[in-house]
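Student: following is a predicted model, sequence given first.
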Amino acid sequence: MSTVMSFLRKLALWFRRGQFGQELEEEMAFHREQIERELREQGKTRDEAGYAAMRQFGNTARIRERSHEVIAFSMETVLQDVRFALRQMKRNPGFAVTAVLVLALGIGASTAIFGFVDAALIRPLPYTQPSQLVVLYETTTMGKRYHLSYLDYLDWNRDNTVFQSIDLYTPYGFTLKTPDGLQAVTGSHVTAGFFRELGVVPAIGRDFRPGDDQASAPHTVLLSYSTWQARYGGRKDVLGQTVVLDGNPNEIVGVLPPSFHFAPVEPAEFWTTVRASDQCEKMRACKDFFGLARLKPGVSFQAALADIQTIAAQLEREYPDANQNRGAYMMTATDVIVGNTRPILLALLGGAALLLLIATVNVASLLLVRSESRRREMAVRGALGASRARLVRQFVTEGLTLVAGAGVLGVAGACGVMQQPVRLIPEDMLAKMPYLEGLGLNVHIVLFACGIFLATGAIFSLTPILRHFPGDLREGLTSGGRSSAGVAWRRLGANLVVVELTVAMVLLVS
């Protein structure tokens, strides 16, 4: 209740702050006159009494400031500090423009590169529990990532103890029959449980049912969303129609959602099932597939790898002709889809961080130089009644205002820059990088930019604070900026330049 009453009293005073200020001035003048009258009655001259009354009454500027704090809200004080910071920047446009542009360059580059890192390495894949998904291969004497056969898949599926399910996929080209003749199109063969394993639900229609990949099942096909739009005009009556692929009529049973991509086989227009009756599927030596598996809860990656390696060794002993020197290998689905971009993106992020460090060092150096010219200003403000806390808060506001301007400019530039490389990537390559879909401003990027904002704001606030406040502010009225502390800070500025040059060399070498 007392807090509410205090707020209401402060609100009432705030609405009549003009009258409050006038009454304060009248009250202070009355008390000075009273003191001066008493001193004159004691025999002092008018000038002596006036001077003594002023000293006895105290610092009027400090009294005004403390009185204002009684009626001012925190936000009002902050706005005052921001307005003062903007006036300081307006008085020194060269410094302000240089600092904002240099810092905006560092923030923009770091944010843009982080956008790609976030899309490829941080955001999860658009599948159900993607951390459980792994891709299975067979190894040979020539490498680790080779195809497996349909019959090996059946044995792995039967004998493993670590997977909830295993399915197959392979990129595949079809010959599509159209009214204008035959046309080569892209696609994929998958086993019936492939989309359920990923947790993908078609936009319309259904996915493959259990048994759709058996020899006796009718031929069915799923369309990609882009194919549905381009070839069928997005009509819902496409379900049940027949499309002839490789001379076989296939019933269209569903359309995949627009967000679905599976990079290892993209671009893929048509998705059909593996046929157990096909000639290759009947031969163990016909290696034409990759495996997609989902780990059981609680099973580690290493335990699953050891399990399939044991199965592969057993198959090598049972079928030495087809599986000689054939082992097993496994990768997470994330590593398969991201591919070789991880080290490239991390290297670019490191370079952007070094660029941001160089920008920060540059602006900090400018602030050190500028702080020398403000020593007398701070000393005068302190002598007039400004407390250390008030001056520190002003420096913090100035630092945050500077970073805020650079941050807005840098993030806006980053949002535009992020789209440019995507436009330069060929469409077939872009299809294999689905994580770049919808690249742009999101929560992760905003949080990253806020982290940079707070870190650089703290640095730029502390730079003048540590310069001015270790000693007595009154030194600024007499030293004229030639103190030993000033020499030390100039040496620190020189050292910062050395750090900047070193970082630049490291950036060039990397």
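Tutor: Great, that's in hand. Numbers count the residues shown, from 1 in each chain.
Student: I'd say residue 442 and residue 122 touch.
Tutor: No: taking Cβ atoms under 8 Å as the definition, residue 442 is not a contact partner of residue 122, at 10.2 Å. Using the backbone N, CA and C atoms, a C-beta is placed for each residue, glycine as well.
Student: of the two, which one has the most company?
Tutor: More neighbours surround residue 442 than the other of residue 442 and residue 122, with 14 against 11 (other Cβ atoms under 10 Å).
Student: once you drop chain neighbours, what's closest to that one?
Tutor: residue 118 (7.3 Å; Cβ to Cβ, 6 or more residues apart in numbering).
Student: surely the one you found touches residue 447?
Tutor: No: under the criterion of Cβ under 8 Å, residue 118 makes no contact with residue 447, lying 9.8 Å away.
Student: okay, those two: which has more neighbours?
Tutor: residue 118 (20 against 10).
Student: quick check: longest helix of this structure.
Tutor: Determined from DSSP state H, the single longest helix within the chain is helix 388-424.
Student: SS state for residue 439?
Tutor: Three-state call for residue 439 (DSSP: H, G, I helix; E, B strand; the rest coil): coil.
Student: quick check: it touching residue 115?
Tutor: Yes: between residue 439 and residue 115 a contact is recorded at 6.2 Å, counting by Cβ under 8 Å.
Student: got the domain ranges for this structure?
Tutor: Residue ranges for the domains of the chain, per the TED database: 1-70, 75-124+341-467+487-509, 142-324.
Student: pLDDT (mean, whole number) over the first one?
Tutor: Domain 1-70 shows a mean pLDDT of 59 in the predicted model.
Student: please apply the same query to the last one.
Tutor: With pLDDT averaged residue by residue, domain 142-324 scores 90.
Student: please apply the same query to stretch 436-454.
Tutor: On average, stretch 436-454 scores 82.
Student: buried residues in that stretch?
Tutor: By neighbour count with 16 or more other Cβ atoms under 10 Å, stretch 436-454 contains the buried residues 436, 439, 445, 448, 449, 452, 453.
Student: all strands of this structure, in order?
Tutor: Counting by DSSP state E, the segments of the chain that form strands are 133-140, 143-146, 148-149, 163-178, 181-190, 204-205, 220-223, 242-245, 248-255, 270-273, 287-295, 327-332.
Student: buried ones in the fourth one, by neighbour count?
Tutor: Right, the one you point to is strand 163-178. Applying a neighbour-count criterion of 16+ other Cβ under 10 Å, one finds 163, 166, 167, 168, 169, 170, 172, 174, 176, 177 buried in strand 163-178.
Student: would you turn those residues into CSV with distance to residue 144?
Tutor: Shown next, in CSV, are the buried residues of strand 163-178 (distance: Cβ to Cβ, whole Å):
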residue, distance to residue 144
163, 19
166, 18
167, 20
168, 18
169, 18
170, 18
172, 23
174, 29
176, 35
177, 39
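Student: of the residues you listed, closest to residue 307?
Tutor: Checking those against residue 307 by Cβ to Cβ gives residue 163 as the nearest, at 8.4 Å.
Student: who's in contact with the residue lying closest to residue 277 once chain neighbours are set aside?
Tutor: Closest residue to residue 277 apart from its sequence neighbours, by Cβ to Cβ, 6+ apart: residue 215 at 3.4 Å. If you count contacts by Cβ atoms under 8 Å, 6 or more residues apart in numbering, residue 215 has them with 275, 276, 277.
Student: would you mind checking those residues for buried ones?
Tutor: Members of those classed as buried by 16+ other Cβ under 10 Å are 275, 276.
Student: mind putting the contacts of residue 215 in a markdown table, distance to residue 336 included?
Tutor: Shown next, in a markdown table, are the contacts of residue 215 (distance: Cβ to Cβ, whole Å):
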| residue | distance to residue 336 |
| --- | --- |
| 275 | 25 |
| 276 | 26 |
| 277 | 29 |
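Student: for residue 180, phi and psi?
Tutor: Backbone torsions of residue 180, given as degrees, to the nearest 10, read phi -90, psi 0.
Student: any idea how many residues pack against it?
Tutor: 6.
Student: equivalent analysis for the one 10 residues further on, please.
Tutor: As a burial measure, the neighbour count of residue 190 was computed by other Cβ under 10 Å and equals 28.
Student: shouldn't it be in contact with residue 166?
Tutor: No: assessed by Cβ under 8 Å, residue 190 is found out of contact with residue 166, at 11.9 Å.
Student: ok, residues contacting stretch 117-135?
Tutor: If you take Cβ under 8 Å, 6+ apart as the criterion, stretch 117-135 is touched by 164, 197-200, 259-261, 264, 290-295, 297, 301, 304, 330-334, 336-338, 341-342, 345-346, 349, 433-436, 439, 442, 444-445, 448.
Student: just the residues you listed: which are in helices?
Tutor: 197-198, 301, 304, 333-334, 336-338, 341-342, 345-346, 349, 444-445, 448.
Student: now the residues you listed: which count as buried?
Tutor: Buried members of those, scored by 16+ other Cβ under 10 Å, are 197-198, 304, 333-334, 336-338, 341, 345, 349, 445, 448.
Student: what's the closest of those residues to residue 313?
Tutor: Nearest to residue 313, judged by Cβ to Cβ, of these is residue 304 at 15.2 Å.
Student: from residue 166, how far off is the closest one?
Tutor: Remark: distance between residue 304 and residue 166 (Cβ to Cβ, to the nearest Å) = 11 Å.
Student: and for the two, which residues touch both?
Tutor: Shared contacts of residue 304 and residue 166 (Cβ under 8 Å, 6+ apart): residue 293.
Student: got a list of what residue 253 touches?
Tutor: Applying Cβ under 8 Å, 6+ apart, the residues contacting residue 253 are 205, 206, 207, 208, 220, 221, 222, 239.
Student: skipping its backbone neighbours, what lies nearest the third one in space?
Tutor: Spelled out, it's residue 207. Setting aside the residues directly before and after it, residue 207 is nearest to residue 195 in space (Cβ to Cβ, 6+ apart), at 4.2 Å.
Student: I'd like the distance between the one you found and residue 271.
Tutor: Distance of residue 195 to residue 271, given as Cβ to Cβ: 8 Å.
Student: so between those two, which is more surrounded?
Tutor: For the pair residue 195 and residue 271, the greater number of neighbours falls to residue 271 (26 against 23), based on other Cβ under 10 Å.
Student: without its sequence neighbours, what residue ends up closest to the more buried one?
Tutor: If the residues on either side of it in the chain are set aside, residue 271 comes closest to residue 222, at 4.2 Å by Cβ to Cβ, 6+ apart.
Student: touching, that neighbour and residue 251? I think so.
Tutor: No: applying Cβ under 8 Å, one finds residue 222 not in contact with residue 251, separated by 10.5 Å.
Student: more neighbours, the two?
Tutor: Remark: of residue 222 and residue 251, residue 222 carries more neighbours, 29 against 13, as counted by other Cβ under 10 Å.
Student: and that one, what does it touch?
Tutor: Per Cβ under 8 Å, 6+ apart, neighbours of residue 222: 195, 202, 205, 207-208, 252-256, 270-272.
Student: again with residue 262
Tutor: Contacts of residue 262 (Cβ under 8 Å, 6+ apart): 169, 188, 198, 268, 434.
Student: quick revisit: quick check: neighbours shared by residue 439 and residue 115?
Tutor: residue 418.
Student: burial count for residue 219?
Tutor: 17.
Student: likewise residue 96?
Tutor: 18.
Student: buried sites along stretch 244-263?
Tutor: 245, 250, 252, 253, 254, 255, 256, 260, 261, 262, 263.
Student: so what pairs up with the third one in the strands?
Tutor: Beta bridges link residue 252 to residue 221 when assigned by DSSP bridges.
Student: so who does it touch?
Tutor: With contacts defined as Cβ under 8 Å, 6+ apart, the neighbours of residue 252 are 205, 220, 221, 222, 223, 238, 239, 240, 241, 242, 243.
Student: the same query, at a cut-off of 10 Å, please.
Tutor: 205, 220-223, 228, 232, 238-243, 270 (Cβ atoms under 10 Å, 6 or more residues apart in numbering).
Student: and what of the second one?
Tutor: For residue 250, the contacting residues are 174, 218-222, 241-244, 270, 272-273, taking Cβ under 10 Å, 6+ apart as the criterion.
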